[in-house]
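Engineer: what's the 3D shape of this:
(one chain, ligands or ions: 1)
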Amino acid sequence: NQRSRLPPGPPSLPLLGSVVWLTNSPSEIEPLLWRLVERHGPVVALRAGPRLSVFVADRRLAHAALVESGAALADRPPLTSAALLGESDNTVTRAGYGPVWRLLRRNLVAETLHPSRVKLFAPARAWARRVLAEKLGEPGPGAAPAAPRVVETFHYAMFCLLVLMCFGERLDEPAVRAIAAAQRELLVYLAKNMPVFALFPAAVTKHLLRSRLDKLRELKRRVKELLLPLINARRENKKLGGESKKETMFEHSYVDTLLDIRLHEDGDRPLTDDEIIIQCSEFLDAGTDTTSTELEWIMAELVKNPSIQEKLYNEIKATIDDDKEEVSEEDLHKMPYLKAVILEGLRKHPPAHFVLPHKAAEDMEIGGYLIPKGTTVNFMVAQMSRDEREWKNPMEFSPERFLPGGDGEGVDVTGTKAIRMMPFGVGRRICAGLGIAMLHLEYFVANMVREFEWQEVAGDEVDFAEKNEFTVVMKKPLRPRLVPRRPQSTSTH
Ligand code: HEM
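Structural biologist: Model prediction:
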């Protein structure tokens with residue numbers, strides 16, 4: 001009886017099984033999962049000792065599990081490192097499905113990321129755009145024409161923007177870079193060590209891996225040293241009010257909303273400094289790699305497909321007067337081809353090939369298989385949007401498919417009614433930043449195409465090979481030639 005059967009997968013070899021699974025993030029085992037899905041069908045399981053991880057590759061089953069089953073998969077497995085350090089992992093991304101998650105998520109989505117607030121961040125976007133244009137326009141080293149690794153510049157500009165939204169302050173380059181570097185080091189160390197931390201029971205790990213845990217504490221302390229003064233500056237700013245505010249201070253910030261939170265479940269207390277810091281770190285991390293990776297893939301496609309770039313440029317020119325400084329948020333709504341380009345980028349190159357891990361709150365069923373309570377469940381995002389049975393020539397970059405008459409016409413990335421592609425996840429745990437992610441992608445792509453013609457460089461051709469980092473990045477970074485289309489304005493102030 002299939003109803004009580006667990007999903008198929010490789011035999012659980014007590015040691016080997018756990019090594020394969022625990023030393024790899026889902027992205028690293030992607031080829032293995034593709035083979036398993038080919039052999040066993042769209043629901044497969046990997047076992048690591050007592051732990052069961054299930055992967056779902058079918059869009060209809062994903063809809064049934066994440067949308068039709070309500071909150072069945074709205075929980076997350078706990079974060080091993082947080083438990084080891086005796087910390088809370090209560091952030092929007094990691095918190096279990098409960099009142100604290102609901103409060104934190106509502107705070108983020110209904111305050112900082114609310115469309116009305118996002119509109120007020122227009123000067124922040126303009127600043128990041130100028131930073132980006134200035135850095136992209138800088139001549140490269142030596143006499144050769146500029147061929148920068150553009151992804152690093154995208155990353156820096158996105159980080160500037162999110163730092164400003166988070167702390168409400170326009171920091172100078174060394175300050176932004178110091179935060180980016182400290183966050184990066186912490187992330188890399190965590191990613192490297194998390195599989196090892198999960199190998200043994202907590203008591204053993206605490207003893208055996210004490211030096212690694214000390215290093216982790218040290219990296220966290222460094223992040224704290226950089227972020228706490230910015231948080232305290234917002235505290236001061238709140239007290240001082242309007243007139244005496246510092247000039248570089250912005251009116252709104254994510255930190256302002258975090259300072260106002262009261263945890264009703266926990267004696268109606270405010271968040272501690274450490275709790276505010278992890279929310280800020282998460283905010284910066286969640287929106288930087290994802291967006292900058294996607295920008296690189298989209299620009300790579302526009303370099304490889306000059307006729308698509310030309311069509312987009314023509315749409316931009318037809319929509320915006322030449323003397324306007326930028327393509328603004330309002331202008332973006334008038335550009336259906338731009339939207340199609342972004343959707344096609346997210347379909348063919350989703351920056352995350354998997355969502356974050358979900359946890360089954362109770363025994364449930366997916367595709368006729370039993371998913372026992374506590375199982376980790378993930379979804380194969382890239383598999384769904386590259387499926388030949390669902391998309392015409394899926395490996396072809398064709399924005400037209402999202403225009404009337406195309407096979408992607410009317411696709412809704414929230415997947416509420418049905419899933420065609422799910423680059424942001426779907427259901428209760430859908431990306432909290434979906435709205436600004438789409439806005440940032442449209443805004444930066446439109447402005448970059450308006451400022452520069454993006455050309456392929458002979459000897460540095462575009463190569464679509466993939467590499468897993470925190471997101472799936474270009475193995476050979478994009479290095480185009482950028483030819484200014486308009487007189488440059490170089491001031492970043
Ligand atoms: C192209 C850009 C982005 C992509 C492709 C993306 C994708 C995703 C994905 C796949 C998830 C996991 C969904 C799941 O577990 O089912 C997620 C979660 C999340 N994202 Fe994004 N994201 C992007 C940008 C952003 C931005 C700009 C922010 C905010 C500044 C953000 C904040 C979050 C948060 C807070 C969560 C956790 C949601 C929860 O667990 O309730 N993301 N995102």
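
Engineer: pretty sure Val377 sits in a strand.
Structural biologist: Yes. For Val377, which was evaluated using DSSP: H, G, I helix; E, B strand; the rest coil, the result is membership in a strand.

Engineer: beta partners for it?
Structural biologist: Judged by DSSP bridges, the bridge partners of Val377 are Val54, His358.

Engineer: quick one, what contacts it?
Structural biologist: Contacts for Val377 were tallied using CB atoms under 8 Å, 6 or more residues apart in numbering; they are 53-56, 65, 73, 357-360, 366, 371. (C-beta placed from N, C-alpha, C; glycine too.)

Engineer: and which of the residues you listed is nearest Gln183?
Structural biologist: When the contacts of Val377 are ranked by distance to Gln183 (CB to CB), Pro357 comes first, at 21.2 Å.

Engineer: contacting residues for the closest one?
Structural biologist: The neighbourhood of Pro357, defined by CB under 8 Å, 6+ apart, consists of 53, 76-77, 376-378.

Engineer: could you dump the contacts of Val377 to a markdown table with distance to Gly9?
Structural biologist: What follows is the contacts of Val377, written out as a markdown table (distance: CB to CB, whole Å):
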| residue | distance to Gly9 |
| --- | --- |
| Ser53 | 9 |
| Val54 | 8 |
| Phe55 | 9 |
| Val56 | 12 |
| Ala65 | 17 |
| Leu73 | 19 |
| Pro357 | 16 |
| His358 | 18 |
| Lys359 | 18 |
| Ala360 | 16 |
| Ile366 | 13 |
| Ile371 | 13 |
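
Engineer: adding distance to the ligand and pLDDT, write the residues you listed out as CSV.
Structural biologist: Formatted as CSV, those follow (distance: CB to the nearest ligand atom, whole Å; pLDDT from 0 to 100):
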residue, distance to the ligand, pLDDT
Ser53, 14, 90
Val54, 14, 95
Phe55, 13, 95
Val56, 11, 98
Ala65, 11, 98
Leu73, 8, 97
Pro357, 7, 92
His358, 6, 96
Lys359, 11, 96
Ala360, 14, 97
Ile366, 15, 97
Ile371, 16, 97
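
Engineer: of the contacts of Pro357 - the most surrounded one?
Structural biologist: Scoring the contacts of Pro357 on neighbours with other CB atoms under 10 Å, the highest-scoring entry is Val377 at 27 neighbours.

Engineer: before we move on, back to that, nearest to Phe464, of the contacts of Val377?
Structural biologist: In terms of CB to CB, no member of the contacts of Val377 lies closer to Phe464 than Phe55, at 23.9 Å.

Engineer: what sits against that closest one?
Structural biologist: Contacts for Phe55 were tallied using CB under 8 Å, 6+ apart; they are 26, 33, 36-37, 43-46, 354, 377-380.

Engineer: sort out for me which of these are in strands.
Structural biologist: The members of those that map onto strands under DSSP state E are 43-46, 377-379.

Engineer: which of these has the most neighbours?
Structural biologist: In terms of neighbours by other CB under 10 Å, the ones in strands among the contacts of Phe55 top out with Phe379 at 29 neighbours.

Engineer: ok, now which ones touch that residue?
Structural biologist: Phe379 neighbours (CB under 8 Å, 6+ apart): 55-57, 62, 66, 354-355, 422, 425.

Engineer: what's the most distant pair in the contacts of Pro357?
Structural biologist: Across these, the longest distance by CB to CB is 13.3 Å; it joins Ser53 and Arg76.

Engineer: and the end-to-end length of stretch 449-468?
Structural biologist: 27 Å (CA to CA, to the nearest Å).

Engineer: need the mean per-residue confidence for that stretch.
Structural biologist: The predicted model assigns stretch 449-468 a mean pLDDT of 95.

Engineer: and it, which residues are buried?
Structural biologist: If you call a residue buried by 16 or more other CB atoms under 10 Å, then stretch 449-468 has these buried ones: 449-454, 456-457, 462, 466, 468.

Engineer: now swap in stretch 179-189 and tell me
Structural biologist: Buried positions in stretch 179-189, judged by neighbour count with 16+ other CB under 10 Å: 179-180, 182-184, 186-187, 189.

Engineer: do the same with stretch 308-323
Structural biologist: Buried residues in stretch 308-323, defined by neighbour count with 16+ other CB under 10 Å: 308-309, 312-313, 315-316, 319-320.

Engineer: likewise stretch 107-121?
Structural biologist: For stretch 107-121, a neighbour-count test (16+ other CB under 10 Å) marks 107-108, 111-113, 117-118, 121 as buried.

Engineer: pull the residues that contact it.
Structural biologist: Under the criterion CB under 8 Å, 6+ apart, external residues in contact with stretch 107-121 comprise 92, 164-165, 251-254, 257-258, 261, 283, 329, 432-433, 435-436, 439.

Engineer: in ChimeraX, select just the buried ones from those.
Structural biologist: Only the buried members of the contacts of stretch 107-121 end up in this ChimeraX selection, burial being decided by 16+ other CB under 10 Å:
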select :92,164,165,252,253,254,257,258,261,283,329,432,433,436,439
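
Engineer: out of the contacts of stretch 107-121, which touch the ligand?
Structural biologist: Residues of the contacts of stretch 107-121 in contact with the ligand (CB under 6 Å from any ligand atom): 92, 283, 432-433, 436.

Engineer: of those, closest to Ile276?
Structural biologist: Proximity to Ile276 was ranked across those by CB to CB; first place goes to Phe283, at 10.6 Å.

Engineer: helix/strand/coil for the closest one?
Structural biologist: Classification of Phe283 using three-state DSSP returns helix.

Engineer: tell me where this structure has strands.
Structural biologist: 43-48, 51-56, 262-263, 269-270, 358-359, 364-366, 369-371, 376-379, 452-455, 466-468, 472-474, 481-484.

Engineer: and the ones you listed as TSV, adding distance to Arg234?
Structural biologist: What follows is those, written out as TSV (distance: least, CB to CB, whole Å):
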stretch	distance to Arg234
strand 43-48	42
strand 51-56	40
strand 262-263	17
strand 269-270	13
strand 358-359	33
strand 364-366	42
strand 369-371	43
strand 376-379	36
strand 452-455	36
strand 466-468	36
strand 472-474	33
strand 481-484	37
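
Engineer: just give me the residue closest to the centre of the chain.
Structural biologist: The geometric centre of the chain, computed from its C-alpha atoms, lies nearest to Thr290 (CA atoms, centre = their mean), at 3.4 Å.

Engineer: quick one: pLDDT of it?
Structural biologist: The pLDDT attached to Thr290 in the predicted structure is 96.

Engineer: how much space between the closest residue in space to Val100 that isn't next to it in sequence and Glu326?
Structural biologist: Leaving aside its chain neighbours, Val100 sits nearest to Asn90 (5.1 Å; criterion: CB to CB, 6 or more residues apart in numbering). As for Asn90, its distance to Glu326 is 38 Å (criterion: CB to CB, to the nearest Å).
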